[in-house]
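K.L.:
3D, please:
(one chain, ligands or ions: 2)
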Amino acid sequence: MMKILVFGGSFDPVHKGHIAVLKKALQVVKPDVAHVVPAYHSPFKDKSPTPFKLRMQMAKAAFSPLGDNIVFDDYELKCGGKTYSYQLVEYLLKRYKNAEIYLLVGTDCLNDLHKWKNAPYIFQNATVVGGRRRGFSEHKADFKHIFLPGSFPKMSSTRARAHILASGTIPEDKVPPAVGEVILKNDLYGLEVHRWLKTHLKPNRYLHSVNVAELCAILSDIYDVPIEKAVQAGILHDAGKGFSGEELIKFCKTHKIKVPFFDDICHFEPHLLHSYISAWIAKKEFGVKDKEVLDAIKEHTLGSLEMTPLSKMLFVADISSKDRKYKDAFVIRTLAAQDLDKALLYAANRKLWFTIDSQKWLCPLGIELWNHLVKCAN
Ligand SMILES: [Fe+2]
Ligand SMILES: [Fe+2]
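P.N.:
Ligands and ions are numbered 1, 2, ... in the order given. So this is what the prediction gives:
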C-alpha cells in the first residue's frame, strides 16, 4: 500500500515550526508521497488575508528542500470554499486507491482533534501524526496515531505576522530566508505600512512608533488582547504626526473629521488633532476596519471614559515606550506590566503635569479622563 502523508495549514506565513514538524514526519513515516495543502479558507478563521497564491509560494519556498516527493496541492483552492480535514482524507483516498493516509497535524491541535468536523471519519481512515506538547494527555489519543519524537519549536504564524507589522523586519529566528524573500518581494504583513511611515514621519517618530508597537505586543500577552490588534494600533497611532499644526487643521476640515472641542484645540493645541487623523489614515489608507483599534488610536492622547484594555495599553505604551527618556517612563512601563489601570492613572497624571508645567492649555477631555480615573480608583 502507498503511504500518503498530508500536511494542511494556512501557512500564513510558513514558519520554522512547520518545517521542523514536516521534516520529522517525513523521516518517521517515510511516505511515498507527501501532499502539502495550503488552506483556502481555514475552518478556524473567518478569512485569510493573504492571497492563496502567495501562501502557496511560501509553502513551496519552505518545503521544497525537504524532498522531491512533495506535491504542492491546490485542492482547497479548487474546492473554492471552506474545507475540513476529513474532506482532505476523503479526497486522497479517492485519488490514491489502496493507500494509507497519514494526517500531519500541528502540535497544538492534538488536544482538540475530537472536536474536528466528522472526527470519527478521520480516525477510521487515517493515522494522525503530530508532535506532542506538554499537557497533552496520552489517554485522549484513542485513535491511530504516531507521536513524533523530540520537541518542536513553539511558534505561530500570528506571532510572526505581528513581529513583521510591529518592526518592519522579518523575524529570522522564526521565518526561513526563502519565505522571508516572498514576504519582502510582495510587501506582506504590513511592510507597506512601514514604508509609508518612513516617508511621512521623521526618523525619531518612526522609531517611537515601532517601540510603541513592540511594547503593545508585550502588554497584549499580559492583558489577553489579540496581538495583531495591539500591534496595529501601536504602529499606526502617530501616522498623522508628520503634519504641521496648520496642516492638521486643514486635514480635519477637508476630510470632515469630527473632533470634540475642535475650535479650542485648533486655537491652543492643534497637535492634539494628530490622533484623530492617525485613525483616519489607518482606516482610509490601510483599510483598518476594527473599531477597537481605530478608537484606541483616536484616544491615545486624551483618553476617553470608555477605554478598552487595548486603548489603555496604547495610551500607556505611548507615554512610556523605551525611546521616552524622562525618568517616570521606566516607572510607568514597569507598572504597566503589573497593573494596567494603575499605570493609566500614573500616565494620565504625568501628562497633565507636563501640560501644566509648560503652561499650556488643558483640553477638557484630559481633565474629564483624570476625574473619571480617580473615581474608578476610589
Ligand atoms: Fe501621538
Ligand atoms: Fe506616540
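K.L.:
spatially central residue for the protein, please.
P.N.:
Glu228 (2.8 Å; C-alpha atoms, centre = their mean).
K.L.:
look up how far Asp12 lies from that residue.
P.N.:
12 Å (C-beta to C-beta, to the nearest Å). In short, each C-beta sits where N, CA and C put it, glycine included.
K.L.:
show me what the lengthiest helix in the chain is packed up against.
P.N.:
Secondary structure of the chain per DSSP state H: the longest helix is helix 203-222. Counting by 3 or more C-beta pairs under 8 Å, 6 or more residues apart in numbering; DSSP states H and E, the packing neighbours recorded for helix 203-222 are helix 157-167, helix 191-200, helix 227-236, helix 309-320, helix 328-338.
K.L.:
any idea how far it is from the chain center?
P.N.:
Its chain's C-alpha centre lies 13 Å from the corresponding centre of helix 203-222 when counted by C-alpha atoms, centre = their mean, to the nearest Å.
K.L.:
and the gap between the residue nearest to the centre of the chain and ligand 2?
P.N.:
Noted for Glu228: a distance of 19 Å to ligand 2, by C-beta to the ion, to the nearest Å.
K.L.:
could you find the closest non-adjacent residue to that residue?
P.N.:
Ala162 (5.4 Å; C-beta to C-beta, 6 or more residues apart in numbering).
K.L.:
ok, now which ones touch the one you found?
P.N.:
By C-beta atoms under 8 Å, 6 or more residues apart in numbering, the residues touching Ala162 are 217, 227-228, 230-231.
K.L.:
gap between it and ligand 2?
P.N.:
For Ala162, the distance to ligand 2 equals 19 Å [C-beta to the ion].
K.L.:
wait, the residue nearest to the centre of the chain sits on Leu165?
P.N.:
Yes: the pair Glu228 and Leu165 passes the contact test of C-beta atoms under 8 Å, sitting 7.0 Å apart.
K.L.:
spatially nearest residue to whichever residue of the stretch 1-150 of the chain sits closest to ligand 2, not counting backbone neighbours?
P.N.:
Shortest the stretch 1-150 of the chain-to-ligand 2 distance, computed as C-beta to the ion: residue-wise this is Pro49, at 26.0 Å. Take Pro49 and drop its neighbours on the chain: the residue closest to it by C-beta to C-beta, 6+ apart is Asp12, 7.7 Å away.
K.L.:
that neighbour: what's it in contact with?
P.N.:
Shown in contact with Asp12 (C-beta under 8 Å, 6+ apart): 48-50, 55, 157, 161.
K.L.:
including distance to Leu305, pLDDT and neighbour count, could those go into JSON lines?
P.N.:
JSON lines is the format used below for the contacts of Asp12 (distance: C-beta to C-beta, whole Å; pLDDT from 0 to 100; neighbours: other C-beta atoms under 10 Å):
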{"residue": "Ser48", "distance to Leu305": "37", "pLDDT": "53", "neighbour count": "16"}
{"residue": "Pro49", "distance to Leu305": "33", "pLDDT": "73", "neighbour count": "11"}
{"residue": "Thr50", "distance to Leu305": "38", "pLDDT": "90", "neighbour count": "19"}
{"residue": "Arg55", "distance to Leu305": "42", "pLDDT": "95", "neighbour count": "24"}
{"residue": "Ser157", "distance to Leu305": "37", "pLDDT": "94", "neighbour count": "21"}
{"residue": "Arg161", "distance to Leu305": "33", "pLDDT": "96", "neighbour count": "24"}
